[in-house]
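# Build me a structure from this.
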Amino acid sequence: MTHVSVTLNGEQRRATVVFAELADLTFINEWRDKLGADTDSKRRDAVDLAQLAIDSYLAHTQIQQIYVNSVEEIATHPIKADEHVEVAGFVLLKCDWFPDSGVIGICHFRRSWCNSIILDYLAVHPFIAKAPDGYSHIVGGAGSALLWFVSDIARRYKCGRLWGEATHGSSGYYKHMFDLDAVEDLILADKLHYLECAKKELLWRAEGDTNKMKAEIKELYKVEAENPPSIGRRSFVVSPSRTLAYHFLQLQTHVQLQIAKAFGLPGEGEEELRDEILFRALFRKATETKKLADLWIAVETKHHKGRPEENPFR
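Numbering: from 1, shown residues only. A predicted model of the protein is given here:
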């Protein structure tokens, strides 16, 4: 984990960048519940991009994409040893002081086979992306802290470039952060430019002395507030099996176990399984017995946003 410094109503607060685990992913329900029927485009973008990042993470793990659990672990997959290797990371920005969620930002990224950093998705809590009128918890620097974190990975591993796809409202922010001449939909920061972000380490490290940097922080946070730092594409398609997995993992443990028991898991003498291991065993058994359609109904009927009637396994 990496501690970073952000602000709450102008006062410095500590947040922590951690690599996501499956149990963390239910934060999206908090974000959606808080957003409700709100139609503001910047707040909806924040939730939608976070959901797409989760869907991407779940889909890619199914095809054995390598996900690292720490910055240091990237070094254990050297390109020199395998010229085709690609590693991915999914990090969350967490804190215990924001009232509407314990997760205030997300970033899904990859180090490609040619040693570039690809920013797939970056988003902050919808009320941080754009605070509703009268909202009393104004957070500054969440997106910038995540961007520094990924830029520092690029610096550490001597990556050739950092790139991603800006949304309509965030292009100005990335032009400023990377000191680029222009940004349209494509953010393309070579080493010279991503180092402009990475070298500002003390602006976001929790150990930094903000008293010496108030002017620069104030300017950066102003740019971020005007241009929420959203990155991502909406064209990602989730397979039915990934939808099924995600909805199963969102169910309460006792409901998961009830469904598994109905399908004969665990077997006699077998230990009780949990979370993704249980789902994999359940999905495998349903496939072998040609009961995927039944599993879909069992899960979707219990999920609060399930659609049992739209059964792709019939």
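# where in the stretch 101-250 of the chain is pLDDT low?
202-204, 206-221, 228, 233-239, 242 (pLDDT under 70).
# Okay, helices next: where are they in it?
126-129, 142-156, 171-177, 191-198, 201-204, 214-226, 240-250 (DSSP state H, counting those that start in this stretch).
# so can I have CSV of those helices showing distance to residue 295 and mean neighbour count?
Heads up, the C-betas are built off the backbone N, CA and C, glycines and all. As requested, the helices of the stretch 101-250 of the chain are exported to CSV (distance: least, Cβ to Cβ, whole Å; neighbours: other Cβ atoms under 10 Å):
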stretch, distance to residue 295, mean neighbour count
helix 126-129, 33, 27
helix 142-156, 36, 24
helix 171-177, 43, 21
helix 191-198, 45, 19
helix 201-204, 44, 19
helix 214-226, 44, 16
helix 240-250, 7, 20
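# Would you convert the ones you listed into a markdown table that also reports distance to residue 98?
Converted to a markdown table, the helices of the stretch 101-250 of the chain look like this (distance: least, Cβ to Cβ, whole Å):
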| stretch | distance to residue 98 |
| --- | --- |
| helix 126-129 | 8 |
| helix 142-156 | 9 |
| helix 171-177 | 21 |
| helix 191-198 | 24 |
| helix 201-204 | 17 |
| helix 214-226 | 16 |
| helix 240-250 | 22 |
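# Residue 94: which of those helices is closest?
helix 142-156 (10.7 Å; Cβ to Cβ).
# if we can go back for a sec, which one of the helices of the stretch 101-250 of the chain lies closest to residue 87?
Closest among these, using Cβ to Cβ: helix 142-156, at 10.5 Å.
# Residue 49: helix or strand, and which one exactly?
For residue 49, the host element (DSSP states H and E) is helix 41-62.
# That helix packs against which elements?
When contacts are defined as 3 or more Cβ pairs under 8 Å, 6 or more residues apart in numbering; DSSP states H and E, helix 41-62 packs onto helix 27-35, strand 66-67, strand 87-94, strand 103-111, strand 117-124, helix 126-129, helix 240-250.
# The last one relative to helix 27-35, how many degrees between them?
Think helix 240-250. 80 degrees (axes from the mean of the first three to the mean of the last three Cα atoms, to 10 degrees).
# How far off centre is helix 240-250?
Computed by Cα atoms, centre = their mean, to the nearest Å, the separation of helix 240-250 from the middle of its chain amounts to 17 Å.
# So what angle separates the directions of that helix and helix 41-62?
Going by the same axes, to 10 degrees, helix 240-250 makes 100 degrees with helix 41-62.
# same thing with the fifth one?
Computed by the same axes, to 10 degrees, the angle separating strand 117-124 from helix 41-62 equals 130 degrees.
# repeat for the third one
Angle of strand 87-94 versus helix 41-62, following the same axes, to 10 degrees, is 140 degrees.
# Quick one: residues in contact with strand 87-94.
4, 15-20, 24, 27, 53, 57, 60, 65-68, 73-74, 77, 102-111, 124, 142, 145-146, 149, 153 (Cβ atoms under 8 Å, 6 or more residues apart in numbering).
# Could you rerun that using 7 Å?
The contact list for strand 87-94 (Cβ atoms under 7 Å, 6 or more residues apart in numbering) reads 15-20, 24, 53, 57, 60, 65-68, 74, 77, 102-111, 142, 145-146, 149.
# Give me the distance from that strand to the chain's centre.
On Cα atoms, centre = their mean, the centre of strand 87-94 falls 6 Å from that of its chain.
# again with the fifth one
Strand 117-124 sits 8 Å away from the centroid of its parent chain (Cα atoms, centre = their mean).
# quick one: buried residues of that strand?
For strand 117-124, the neighbour count (16 or more other Cβ atoms under 10 Å) marks 117-124 as buried.
# Can you dump the C-alpha atoms of it in CSV for me?
The C-alpha coordinates for strand 117-124 follow below in CSV (Å, rounded to 0.1, in the frame of the first residue of the first chain):
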residue,chain,number,x,y,z
ILE,A,117,1.8,2.1,-19.2
ILE,A,118,-1.7,2.0,-20.5
LEU,A,119,-4.3,3.8,-18.4
ASP,A,120,-7.5,1.9,-19.1
TYR,A,121,-9.8,3.5,-16.5
LEU,A,122,-9.4,6.2,-13.9
ALA,A,123,-12.3,7.7,-11.9
VAL,A,124,-13.1,9.2,-8.6
